[in-house]
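1. The following block contains a protein sequence and its predicted model.
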Amino acid sequence: MAAASFLLSPRVTLPLRRGSRLLVSCSATSSSSSSDAAGGVGFQGRVGFLGLGIMGAPMASNLIKAGCDITVWNRTKSKCDPLLSLGAKFESSPARVASSCDVTFAMLADPESAFEVACGANGAAEGMAAGKGYVDVSTVDDATSKLIGKRITSTGASFLEAPVSGSKKPAEDGLLIFLTAGDESLYKRVAPLLDVMGKSRFYLGDVGNGAAMKLVVNMVMGSMMVSFAEGLLLSEKVGLDSNTVVEVISQGAINAPMFSLKGPSMVKAAYPTAFPLKHQQKDLRLALALAESVSQPIPTAAAANELYKVAKSLGLADHDFSAVIEALKAKVQSSQH
Ligand SMILES: NC(=O)C1=CN([C@@H]2O[C@H](COP(=O)(O)OP(=O)(O)OC[C@H]3O[C@@H](n4cnc5c(N)ncnc54)[C@H](OP(=O)(O)O)[C@@H]3O)[C@@H](O)[C@H]2O)C=CC1
Ligand SMILES: O=CCCC(=O)O
């Protein structure tokens, strides 16, 4: 196959950075079309799910609705209740989930919580053993992912990192994009489950490549949002109608679903949380560290990160990341006084 060529389905091999190969597996199927009778989705065994926040809850919910045998745990136990009503089982710690399940997924807030839940006291690693699998779908840095992978595999179990692109609605609709790396046989084993929760999946090789891919994507997204916010405020200042700006952008070369989705509510200063601002700032912080590790300047992302930090200090951490526009508004006000 020519170096730059690729096929859309079902599997694609592309050259990977640093001389190795990138194996890309694409599934163009949606959750419903990929389901079959066996175990609901073609996966035999019990599935654990740790972390039932904005993303974890709908992902686990889709697995239950597809007929999977799901056991859940969440630090705040009350968030398990809607899943238990749908038929999930409950265990009282990550270790107990892992020991009672064949494969366990984790969707945690950040590197610290992902490490704690996997490797801390009563963590998933304590319930792991040969034949089991751990799939971490949280957004973390490559170093944390490697540490978690090392601890999990020290038990004889397999490890796959699989952060996702796509937010609350794609999680609800089973349309996420999985950026996986690590144990390839575990990747193949859980593919039917990924296909319930997502519209496509990429296998990127060694642990760390999935985390890096996710941070690159979210670095671009965080900077795009700041640029968009600047455009909306500038247009308002010069007397343009912001809704018309959103419409014009949506018809041109810089159209992005994110602008059309978030723009109308940003104009109304409403920020219903899909992707919490604190997580976007975390991803920019991690992307900056990734860039520093290879001496790559990313000045636009660095500037965007500063604005998200200001937004956090204004009490906007749990709002949607589009609330970063409020940090720009605050800057204008402070420069006028
Ligand atoms: N929202 C989005 O659009 C997307 C988010 N992501 C990433 O997915 C991950 C989860 O995001 P999201 O669901 O939005 O986040 P939420 O903040 O809604 O959920 C975070 C989850 O982590 C748990 N948690 C936090 N700290 C700890 C801890 N110390 N110990 C145990 N559990 C803990 C929370 O438990 P509790 O309920 O007790 O607080 C909750 O289950 C993040 O890494 C995020 O960057 C990726 C793609 C899109
Ligand atoms: O990590 C969050 C990503 C949000 C999105 O892809 O829309």
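-> Received, thanks. Ligands and ions are numbered 1, 2, ... in the order given.
2. burial measure for residue 121, as a count.
-> Residues lying near residue 121 (other C-beta atoms under 10 Å) number 9. C-beta coordinates here come from the backbone N, C-alpha and C atoms, glycine included.
3. same check, this time on residue 306
-> With other C-beta under 10 Å as criterion, residue 306 counts 13.
4. Which helix or which strand is home to it?
-> helix 299-313 (DSSP states H and E).
5. And that helix, what does it pack against?
-> Here helix 299-313 touches helix 209-237, helix 277-293, helix 324-336, going by 3 or more C-beta pairs under 8 Å, 6 or more residues apart in numbering; DSSP states H and E.
6. Contact residues of this protein facing ligand 2?
-> Residues of the chain lying close to ligand 2 by C-beta under 6 Å from any ligand atom are 139, 165-167, 218, 275.
7. Stretch 156-175 spans what distance, first to last residue?
-> With C-alpha to C-alpha, to the nearest Å as the measure, the ends of stretch 156-175 fall 32 Å from one another.
8. if you look at that stretch, does any of it touch ligand 1?
-> Yes - Stretch 156-175 is in contact with ligand 1 by C-beta under 6 Å from any ligand atom, via 164, 167-168.
9. quick one: that stretch to chain centroid distance?
-> Relative to the centre of its chain, stretch 156-175 is centred 6 Å away, using C-alpha atoms, centre = their mean, to the nearest Å.
10. Same question for stretch 75-93.
-> For stretch 75-93, the distance to the chain centre is 21 Å (C-alpha atoms, centre = their mean).
11. Stretch 128-140 now?
-> 15 Å.
12. CA atoms only for it - export them in CSV, please.
-> Only the C-alpha atoms of stretch 128-140 are listed here, as CSV (Å, rounded to 0.1, in the frame of the first residue of the first chain):
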residue,chain,number,x,y,z
MET,A,128,-7.1,-7.6,38.5
ALA,A,129,-5.7,-11.0,37.4
ALA,A,130,-4.6,-12.8,34.3
GLY,A,131,-7.4,-13.0,31.7
LYS,A,132,-9.0,-9.7,32.8
GLY,A,133,-8.7,-6.3,31.1
TYR,A,134,-8.7,-2.7,32.2
VAL,A,135,-9.7,0.0,29.7
ASP,A,136,-9.0,3.6,30.9
VAL,A,137,-11.1,6.0,28.8
SER,A,138,-10.3,9.1,31.0
THR,A,139,-8.2,12.0,29.5
VAL,A,140,-4.8,11.8,31.1
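13. Go through that stretch and flag the buried ones.
-> Residues of stretch 128-140 classed as buried: 128, 132-140 (neighbour count, 16 or more other C-beta atoms under 10 Å).
14. Please apply the same query to stretch 165-179.
-> Those buried within stretch 165-179 under the rule 16+ other C-beta under 10 Å are 165-168, 170-174, 176-179.
15. if you average pLDDT over stretch 81-98, what comes out?
-> On average, the pLDDT along stretch 81-98 is 98.
16. Establish whether it and ligand 1 are in contact.
-> No - Stretch 81-98 stays clear of ligand 1 (C-beta under 6 Å from any ligand atom), getting no nearer than 8.3 Å.
17. Just the ones in strands from the buried residues of stretch 128-140, please.
-> Those of the buried residues of stretch 128-140 mapping onto strands are 133-136, per DSSP state E.
18. quick check, nearest of the residues you listed to ligand 2?
-> Closest approach between these and ligand 2, by C-beta to the nearest ligand atom: residue 136, at 14.2 Å.
19. Noted, bye for now.
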